[in-house]
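Visitor: please find the sequence and the predicted model below.
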Amino acid sequence: MNEQPMVDVRDLKVRFKRGGQTLSAVNGVSLQVAPGEVLALIGESGSGKSVTLRALMRLHSERTTRIEGTIEIAGQDLMALSGKQLQALRGPVAAMIFQEPLLALDPVYTIGQQIIEALRRHQPMSHAEARTTAVEALRRVRIPSPELRLDAYPHEMSGGMRQRAMIALALSCQPKLLLADEPTTALDATVQIQILILLRELQQALGLSIIFVTHDIGAAVEVADRVAVMYGGRIVEQAPLAELLNNPQHPYTRVLLGTRPKEGLRKGERLTSIPGAPPDLANLPVGCAFAPRCLLASDLCQRQVPAIEDVIAEHSVSCHHWNQVPVQLSRETLS
């Protein structure tokens, strides 16, 4: 990236203290996002995607969490910011869409009250001006009758409308960076695609940088320019979207892509799954975290974490055997 990145994360580590144990949720993540770029973080549940996203906003409890590494957003070092400086950054510089809007939105305040509060916190405007701006924010995300919806409580709206209101709230202060934590998980398929299309259109219209967390490669295809695959708290492969889909190199990426439902799947036919389970974050393997589930694993994989290597420009992978054993892991191999 020649221009200054909107997001620059280097060697990020996140540890949690839970019941006398230390959970290593993120283990040396480095990534960059350019202005106006959409990066999708994909992987199974427990791979560290959402923990990484929340760390970028420093939302984890400082009492039970230890964060190491460097996090820069729009040139600001988040690890050096005070509480007040963080509050000033959240909203106008970086905003977040949470996974479940019914829990993220305050149930005792109307949608309008919550958007107006955010606007007046960060911009010098009257209540009337903030209300007009809030109506426009709801109209931008295509909520019908926005003047009426402004006075609705979260529970009075459908899941899809709540998610749109959450997006409107996040974008109300015109941030440069949007962090989206699985924003379509709780929605049905039709509403999911509507939200994904809306996000992409808003991103292009506003020139936003977005980090989009999902376990669904199909959702990533709709919005992403580039994809980072996470496993065991590490990024194991990173590439532009088309390159990753056409030329996956890490064994985990290959099997993850192989689990997608294929065209022509018959009723009652079993979907493909990845054998085994994600690693225990309190007891991570010494070497590659994917080794216990990998058909290509060797003794070296059990002993040593693989370095990040370049496949081609902008395509990197962390695997000891990516260029030695050109095996195509098929649906039959996974069964």
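Guide: Structure's in. What do you need? Residues are numbered from 1 along each chain as shown.

Visitor: hang on, residue 200 packs against residue 220?
Guide: No. Taking contacts as C-beta atoms under 8 Å, residue 200 lies outside contact range of residue 220: 11.5 Å. For the C-beta atoms, the positions are set from N, CA and C on the backbone; glycine is no exception.

Visitor: more neighbours, the two?
Guide: More neighbours surround residue 220 than the other of residue 200 and residue 220, with 25 against 16 (other C-beta atoms under 10 Å).

Visitor: buried ones in the helix or strand hosting that one?
Guide: Per DSSP states H and E: residue 220 is located in helix 217-223. For helix 217-223, burial by neighbour count (16 or more other C-beta atoms under 10 Å) applies to 217, 219-220, 222-223.

Visitor: so which residues of the stretch 151-300 of the chain form helices?
Guide: Per DSSP state H, counting those that start in this stretch, the stretch 151-300 of the chain carries helices over the ranges 159-171, 189-206, 217-223, 241-246, 251-258, 299-303.

Visitor: any chance of these in JSON lines, with distance to residue 109 and mean pLDDT too?
Guide: Output for the helices of the stretch 151-300 of the chain, formatted as JSON lines (distance: least, C-beta to C-beta, whole Å; pLDDT from 0 to 100):
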{"stretch": "helix 159-171", "distance to residue 109": "11", "mean pLDDT": "92"}
{"stretch": "helix 189-206", "distance to residue 109": "23", "mean pLDDT": "91"}
{"stretch": "helix 217-223", "distance to residue 109": "30", "mean pLDDT": "90"}
{"stretch": "helix 241-246", "distance to residue 109": "38", "mean pLDDT": "95"}
{"stretch": "helix 251-258", "distance to residue 109": "40", "mean pLDDT": "90"}
{"stretch": "helix 299-303", "distance to residue 109": "52", "mean pLDDT": "94"}
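
Visitor: make CSV from the ones you listed and add distance to residue 123 to it.
Guide: Below are these laid out as CSV (distance: least, C-beta to C-beta, whole Å):
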stretch, distance to residue 123
helix 159-171, 13
helix 189-206, 16
helix 217-223, 28
helix 241-246, 35
helix 251-258, 42
helix 299-303, 53
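
Visitor: list of residues touching the helix holding residue 220?
Guide: Identification of contacts with helix 217-223 by C-beta atoms under 8 Å, 6 or more residues apart in numbering yields 38, 40, 42, 184, 192-193, 196-197, 199-200, 203, 210, 212, 214, 227, 241, 245, 256-257, 260.

Visitor: ok, now with 6 Å
Guide: Applying C-beta atoms under 6 Å, 6 or more residues apart in numbering, the set of residues contacting helix 217-223 from outside is 38, 40, 42, 196, 199-200, 212, 214, 227.

Visitor: shaky segments in this structure?
Guide: Filtered on pLDDT under 70, the chain yields the residue ranges 1-2, 261-265, 325-335.

Visitor: can you give me the strands in it?
Guide: Listed in chain order, the strands of the chain (DSSP state E) span 7-18, 21-33, 38-42, 65-73, 76-77, 94-97, 177-181, 209-214, 226-231, 234-240, 309-312, 315-317.

Visitor: tilt between the fourth one and strand 21-33?
Guide: This points to strand 65-73. Here the directions of strand 65-73 and strand 21-33 differ by 0 degrees (axes from the mean of the first three to the mean of the last three C-alpha atoms, to 10 degrees).

Visitor: identify each buried residue in strand 65-73, please.
Guide: 65, 67, 69, 71-73.

Visitor: could you do the longest one as well?
Guide: Of the residues in strand 21-33, those scored as buried under the neighbour-count criterion (16+ other C-beta under 10 Å) are 23-33.

Visitor: same for it, what does it pack against?
Guide: strand 7-18, helix 49-56 (3 or more C-beta pairs under 6 Å, 6 or more residues apart in numbering; DSSP states H and E).

Visitor: highest average neighbour count across those?
Guide: Of all these, helix 49-56 has the most neighbours on average by mean count of other C-beta atoms under 10 Å, namely a mean of 23.

Visitor: just how off-centre is it within its chain?
Guide: Remark: helix 49-56 is offset 7 Å from the chain centroid, using C-alpha atoms, centre = their mean, to the nearest Å.
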